[in-house]
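Asker: give me coordinates for this.
(chains A and B)
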Amino acid sequence: MSQSIRTRIQKIISDVSGIEYPKVVFGETDAQGDYASPVAFEISKREHKAPLDVANDLAEKIGKTDQGKLFSRVEAAPPGFINFWLSEEALKTELATLVKSGKTYGKGEKQKEKIQIEFISANPTGPLTMANGRGGFLGAALANILTFAGYKVTREYYVNDAGNQVKVLGASILAELGIIPAEERFYKGAYIKDLAKVTGKQKKLFKTSIKGELANRIGTDAAMAEQLEVLKMDVGRYAATLLLKEIKNSLRNADITFDVWTSEEKDIRKKGLVKKTLADLQAKGLVVERDGALWLEKEIAGEKERVLKKSDGTYTYYLVDLAYHRKSFETYDKVINLWGADHHGNVQPMKEGVKLFGIDAERLAIIMFQPVRLIEDGKEVKMSKRAGEFIALDELMKEVGLDVTKFFFLMFTPGNRIDFDLKLAKDDSSKNPVFYVQYAYVRTKSILAKSKEAYGKWLRANSQKVNLGLLNTKEDRKLILELAKFPDLISDITADYEVSRLLRHLLSLARAFHDFYEKERVVGEKNDIALARRALVGAVAVAIEQAFDLLGIQKRKKM
RNA sequence: GCCCUCGUAGCUUAAUGGAUAAAGCAGCGGGCUUCUAUCCCGCUGAUGAGGGUUCGAUUCCUUCCGAGGGCACCA
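Answerer: Okay, here's the model as predicted:
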């Protein structure tokens, strides 16, 4: 496996400067070279020299060391950058590697590290929301990219199918059936009505002695009230299985897959992991009893004490989740969680929590993402699962299509809230960036087909004559440079989990290709040039396919 | 009140402390006898406000203003 161009440049700088990990970036304008490094600033600070002098010195040394092999020019530029221009030979060699590697270009070597990515994990108390979709697309793409980078990745969905919210779900349905009075905290919306219809017919759920008169006797008969609690739970569990089925169906529509489904009820609670976690904390002397509840004595997040076991004897979400995370770290070296921004308050406590068990908090990466707002007629459409006014992910995908939804959601960095204008997404679909990239792909395919017709025979007889060195126009060069960034991009995403980098890369690759398409031709050129260009176009097609595969976006054959 | 995230061009967004802040959309002006003009080229235009640290700040610190979210024996 050959090293990426950026890695090679870093190595060269490192050799002559002694800086271990010199920063190297892509040049943004022609004047900045193909690659550039600000490493001279770092050295000048340490050695109290002028940055430009240091840069000049380094540029000269690098030029001498390299002997024109990798670079055609290495120059210092004020205020102290070193700019690198790749030689034609280096570009040609890289393109040859690229063509030869095909889909393995940029693929990382097998790593020992096992990574768990836990995402979506929406409670089975309603359909998947747009926010779930954002986390879902992000998790799925990140899993693909990390796998491509060489890691052993497990995609996990943690199903909170126990605890209070399932009971609330059950109660919501009972209220809908008119058995108990409705409450503010209950789930509402069309899907609750649907569930009530189905659940009402499940006679076995109502086997307990509760009869029609129940509603009148609540609160007067303790035994009856207790049975009602059981009934809420039973109904809730039943509804949760139905909703989980629906969620799985939405995931199929969204083309998101999981390797492992962990059930809070079966895999965590029933296995005694919660009890054990509590006992272990008690053994460490970290638990204190107060007001009939058990509290974590150690200060978490610097301010608030956390309840572990409530005075009614049930466990808190925090304790259960801690038990779950502890289990994950038994198997995985690294755990990545994708959480909606509304859970940010749990980040510190969870990191502190795993530390209590001697787990390095660095092994737990929590990616927060801001919510998705739906805009219609310039106004926000309020979304709340409880109130039942929300656009489910399924509806959105149906309205604007999977690829557009996915591309749009992944294009933004997670820290930014997405305002999704439904009208714009539908009306101006041709302006959508995903079409821009798909169009570039369609054009590559078209060229490949047309040129096969025109040159197929000659190519079969003269394949060894394809001379990539003939590709030396500005557009050829720009396109090869774009393609060559891909391995570095993968390693950047592996480091910071910024999937949106790949989308932006796709857009600039598509741009470079459209430009190339406008200025250069394949069919109609002389045989040797046509075939060299055809190889380049083929490489672009493979690069787009690869990125689309990683993102789970369809490859369209026609526009 | 406390905590978190965010504030960049008319709009939507980029920029591990580095160069003249980068794109798309919208607007204006050009470009198809030729591999799909759903494309290409050019122009216009921005860091919420004030301090501070730094050779250098969109980035770090601080005050203020604004948006969203979180602050339960909910999950």
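
Asker: of all of the stretch 101-250 of chain A, which residue lies closest to RNA strand B?
Answerer: Closest to RNA strand B within the stretch 101-250 of chain A is A:Asn164: 3.5 Å, counting by CB to the nearest atom of the strand. In this view, the C-beta of every residue, glycine as well, is placed from N, C-alpha and C.

Asker: count of neighbours near that residue?
Answerer: 15 (other CB atoms under 10 Å).

Asker: count the neighbours of the spatially closest residue to it that is not a sequence neighbour for me.
Answerer: Excluding its sequence neighbours, the residue lying closest to A:Asn164 (CB to CB, 6 or more residues apart in numbering) is A:Thr314, at 7.4 Å. Neighbour count for A:Thr314, taken as other CB under 10 Å: 13.

Asker: in chain A, which helix or strand is least confident?
Answerer: helix A:214-217 (a mean of 50; mean pLDDT, DSSP states H and E).

Asker: what residue ranges in the stretch 351-500 of chain A are flagged as low confidence?
Answerer: Applying pLDDT under 70 to the stretch 351-500 of chain A flags the ranges A:377-390, A:427-430.

Asker: what does chain A give?
Answerer: A:1, A:207-223, A:298-304, A:377-390, A:427-430.

Asker: output the longest helix belonging to it.
Answerer: helix A:222-254 (DSSP state H).

Asker: that one packs against which elements?
Answerer: helix A:130-148, helix A:164-176, helix A:190-200, helix A:214-217, helix A:393-400, helix A:402-411 (3 or more CB pairs under 8 Å, 6 or more residues apart in numbering; DSSP states H and E).

Asker: next, the buried residues of it.
Answerer: Neighbour counts using 16 or more other CB atoms under 10 Å place A:224, A:228, A:231-240, A:243-244, A:246-248, A:250-251, A:254 of helix A:222-254 among the buried residues.

Asker: what does stretch A:27-41 contact?
Answerer: Identification of contacts with stretch A:27-41 by CB atoms under 8 Å, 6 or more residues apart in numbering yields A:5-6, A:9, A:13, A:17, A:19, A:22-26, A:51-52, A:54-55, A:58, A:73, A:75-77, A:80-86, A:481.

Asker: among those residues, which are in strands?
Answerer: When DSSP state E is applied, these are split such that A:Val25, A:Phe26, A:Arg73, A:Glu75, A:Ala76, A:Ala77, A:Phe81, A:Ile82, A:Asn83, A:Phe84, A:Trp85, A:Leu86 fall in strands.

Asker: what subset of the residues you listed is also close to RNA strand B?
Answerer: Near RNA strand B, taking CB under 7 Å from any atom of the strand as the test, the members of these found are A:Val25, A:Ala77, A:Phe81, A:Asn83.

Asker: farthest-apart pair in the residues you listed, please.
Answerer: Between any two of those, the greatest separation by CB to CB is 13.2 Å, found for A:Val25 and A:Ala77.

Asker: between the two, which has more neighbouring residues?
Answerer: Per other CB under 10 Å, whichever of A:Val25 and A:Ala77 has more neighbours is A:Ala77, with 16 against 13.

Asker: how about the nearest residue to that one, chain neighbours excluded?
Answerer: A:Asn83 is the one closest to A:Ala77 (CB to CB, 6+ apart), at 5.4 Å.

Asker: that neighbour: neighbour count?
Answerer: 21.

Asker: beta partners for it?
Answerer: Beta bridges link A:Asn83 to A:Ala36, A:Glu75 when assigned by DSSP bridges.

Asker: that older thread, would you agree the residue nearest to A:Asn164 is in contact with A:Ala162?
Answerer: No - here A:Thr314 does not reach A:Ala162: they are 9.7 Å apart, not a contact under CB atoms under 8 Å.

Asker: any idea how far the residue of the stretch 101-250 of chain A closest to RNA strand B is from A:Glu94?
Answerer: 57 Å (CB to CB, to the nearest Å).

Asker: so who does A:Tyr105 touch?
Answerer: Shown in contact with A:Tyr105 (CB under 8 Å, 6+ apart): A:Thr97, A:Leu98, A:Phe486, A:Pro487, A:Val542, A:Ala543, A:Gln546.

Asker: out of those, which is nearest to A:Ala182?
Answerer: Of the contacts of A:Tyr105, the one sitting nearest to A:Ala182 (CB to CB) turns out to be A:Gln546, at 52.4 Å.

Asker: what's near enough to touch that closest one?
Answerer: A:Lys103, A:Tyr105, A:Gly106, A:Phe486.

Asker: can you pull the buried residues of stretch A:153-172?
Answerer: Buried-residue list, stretch A:153-172, by 16+ other CB under 10 Å: A:153-163, A:165-172.

Asker: same question, stretch A:513-526
Answerer: A:Phe513, A:Phe516, A:Tyr517, A:Glu520, A:Val522, A:Val523, A:Glu525.

Asker: sorry, back to before: what is the nearest of the ones in strands among the contacts of stretch A:27-41 to A:Thr277?
Answerer: A:Val25 (45.4 Å).

Asker: is that closest one bridged to anything, and to what?
Answerer: A:Ala36.

Asker: which residues does it contact?
Answerer: A:Tyr35, A:Ala36, A:Ser37, A:Pro38 are the contacts of A:Val25 under CB under 8 Å, 6+ apart.

Asker: before we move on, what about A:Ala541?
Answerer: Contacts of A:Ala541 by CB under 8 Å, 6+ apart are A:Tyr441, A:Thr444, A:Lys445, A:Leu448.

Asker: can you check A:Lys478 too?
Answerer: Taking CB under 8 Å, 6+ apart as the test, what A:Lys478 contacts is A:Ala512, A:Asp515, A:Phe516.

Asker: and which of those residues is nearest to A:Lys558?
Answerer: A:Phe516 (20.7 Å).

Asker: could you double-check that the closest one sits in contact with A:Glu475?
Answerer: Yes - in this structure, A:Phe516 is within contact of A:Glu475 by CB under 8 Å, at 4.2 Å.
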